[in-house]
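**Q** this is the structure alone, sequence omitted:
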């Protein structure tokens, strides 16, 4: 894929996948640019500081008995 100096990104995908994505985004009230920029931001943040799944400090075997 060519990397130009403009702010445009062009990605070729299957037309059916494109329609499905636009439909899903429309149901959520967002457009492709909003979705893309949100995902780019999240991706770049996680590269700097990876997110880890929450692990409970109390396991089921250590529940307090009354």
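**A** Done, it's in. These numbers were taken from a predicted model, which means no experiment stands behind them.

**Q** for the helix or strand where residue 44 lies, name the packing helices and strands.
**A** Using DSSP states H and E, residue 44 maps to helix 32-48. Judged by 3 or more Cβ pairs under 8 Å, 6 or more residues apart in numbering; DSSP states H and E, helix 32-48 is in contact with helix 15-27. Where C-beta positions appear, they are placed from N, C-alpha and C, glycine not excepted.

**Q** angle of the helix it packs on against helix 32-48?
**A** 90 degrees (axes from the mean of the first three to the mean of the last three Cα atoms, to 10 degrees).

**Q** just the buried positions in helix 15-27, please.
**A** Within helix 15-27, the residues that qualify as buried by neighbour count (16 or more other Cβ atoms under 10 Å) are residue 25.

**Q** tell me which residues are up against that helix.
**A** By Cβ atoms under 8 Å, 6 or more residues apart in numbering, the surrounding residues in contact with helix 15-27 are 31, 32, 35.

**Q** the last one - how many residues pack around it?
**A** By the criterion of other Cβ atoms under 10 Å, residue 35 has 15 neighbours.

**Q** what pLDDT is listed against the closest residue in space to it that isn't next to it in sequence?
**A** Nearest residue to residue 35, sequence neighbours excluded (Cβ to Cβ, 6 or more residues apart in numbering): residue 25, at 5.4 Å. The model reports residue 25 with a pLDDT of 97.
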